[in-house]
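Participant: sharing a sequence plus its predicted fold:
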Amino acid sequence: MGLSSSESPLEAFIRELPKVELHVHLEGSMQPDTVLQLSRKHGATDLPATLTELAEWYAFRDFPHFIEVYLASIGLLRDEEDFALLTADVAQRLAAQNVRYAELHVSLFGHLIRDIPAHVVFAGLEHARREAERDHGVRLRWIPDFAGDYGLDVGERTLGAVLRDGPSSVIGFGIGGMEVERAPFAELFGRARAAGLHSLPHAGENGGPERVWAAIEELGAERIGHGIDSMSDPRLLDYLRETQLPLDIAPTSNLRTRAIDAIEHHPLPRMLEAGLMVTLNTDDPPMFGTDLHNEYRIAHQLGLSAEDLAGLARNAVAASYMDEADKRSLAAEIDAVMTRWRPALSG
């Protein structure tokens, strides 16, 4: 690999940087052409029928509108073939960005409440996961989750399905949706952790620092999805800095869901300056018009240096649930890329 005639050293560095992504939703990664393909397959009549209409549909007014669109997209996934199709496309796009390993949230609740059995969901995911590793060298792991605003019963059903039908590639359990009180889910997450699943909840995207505290104290969070609201609580910042509890940050997502009012106001630089353990992610890339390369560009535009970008890549490796040997190997690759590009980037 090297510098092509049409790209800057920074672009080439980002392209070559080995990456890990820890906060990306499988269903939220459905490309518009896949939406149209599945819509036509299943004869859906209540969704946009052209790519132009889909682009307008994806112009989110607020977080509730985003959830509405997200759940409508989920409704197009109905059989094993659909889940395999989506997973194969997502894996190929990740590999094209030099993503070596990804932990993907799977909105299992959204399929269970439509009476699609968990074993059908996992069969499609696993078929495509194995092919992705063989054909593209990208390893995928799963974080089944549910929306907290759907209530404890949905959480119970989701965990039950995971414990009954989940493959060994399931590494965690999550909660997302609207940021309702987390205390009612404490015992549920306790059982998930006792079963060997990592606690990986969303918190502090738009619910305030108290939701981050609840994720930590009630759910035993081992990593926080988003967490940008932590910046308004000095005591929480001290805790996060001391424990190095990872925060999975997705700048474009925060802008598109109106969690922030302008990208230049994103707290990512301040989070790093505060000594927090931060990783960079896309959340729902096609819905937000981004990909992981673009998130690294945005981080640079926010004032982060190439060394900082490499640090974010290392953080994602460290915060992942890869085995330790793979972590060491991938971190060494990141260091090698940084060393190779440092002279061009500092010139």
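Facilitator: Great, that's in hand.

Participant: would you tell me what the next helix or strand after the host helix or strand of Glu307 is?
Facilitator: Remark: Glu307 resides in helix 306-319, with elements defined by DSSP states H and E. Counting by DSSP H and E, the element after helix 306-319 in chain order, helix or strand, is helix 324-346.

Participant: what comes up buried for that next one?
Facilitator: Lys327, Leu330, Ala331, Glu333, Ile334, Val337, Met338, Trp341, Leu345 (16 or more other Cβ atoms under 10 Å). C-beta here means a position set from N, CA and C on the backbone, and glycine is covered the same way.

Participant: and it, what does it pack onto?
Facilitator: helix 9-16, strand 99-106, helix 306-319 (3 or more Cβ pairs under 8 Å, 6 or more residues apart in numbering; DSSP states H and E).

Participant: next, work out how far apart Arg297 and Thr252 are.
Facilitator: In this view, Arg297 and Thr252 are 10 Å apart by Cβ to Cβ, to the nearest Å.

Participant: which one's more surrounded, these two?
Facilitator: Thr252 (22 against 16; other Cβ atoms under 10 Å).

Participant: ok, now which ones touch the more buried one?
Facilitator: By Cβ atoms under 8 Å, 6 or more residues apart in numbering, the contact set of Thr252 is Ile263, Thr282, Asp283, Phe288, Gly289, Thr290, Asn294, Glu295, Ile298.

Participant: from these, which is closest to Asp135?
Facilitator: Nearest to Asp135 among these, counting by Cβ to Cβ, is Thr282 at 21.8 Å.

Participant: how many neighbours does that closest one have?
Facilitator: Around Thr282 there are 28 residues (other Cβ under 10 Å).

Participant: hmm, Glu295 and it touching each other?
Facilitator: Yes: counting by Cβ atoms under 8 Å, Glu295 is a contact partner of Thr282 at 5.9 Å.

Participant: which neighbours do those two have in common?
Facilitator: With Cβ under 8 Å, 6+ apart, Thr282 and Glu295 have common neighbours Ala250, Thr252.

Participant: now do the SS call for Leu22.
Facilitator: With DSSP: H, G, I helix; E, B strand; the rest coil as the basis, Leu22 sits in strand.

Participant: just the buried members of the contacts of Thr252?
Facilitator: Buried subset of the contacts of Thr252 (neighbour count, 16+ other Cβ under 10 Å): Thr282, Asp283, Phe288, Thr290, Asn294, Glu295, Ile298.

Participant: quick one: which of these is nearest Leu112?
Facilitator: Asp283 (22.1 Å).

Participant: now do the contacts for that closest one.
Facilitator: His23, Val24, His25, Gly28, Ala250, Thr252, Ser253.

Participant: pLDDT score for the first one?
Facilitator: Among the per-residue scores, His23 shows a pLDDT of 98.

Participant: how close does it get to Ala195?
Facilitator: 22 Å.

Participant: thinking again about what came up before, comparing the helices and strands packed on helix 324-346, which comes out most buried?
Facilitator: Neighbour counts (mean count of other Cβ atoms under 10 Å) averaged over each of those peak at strand 99-106, with a mean of 25.
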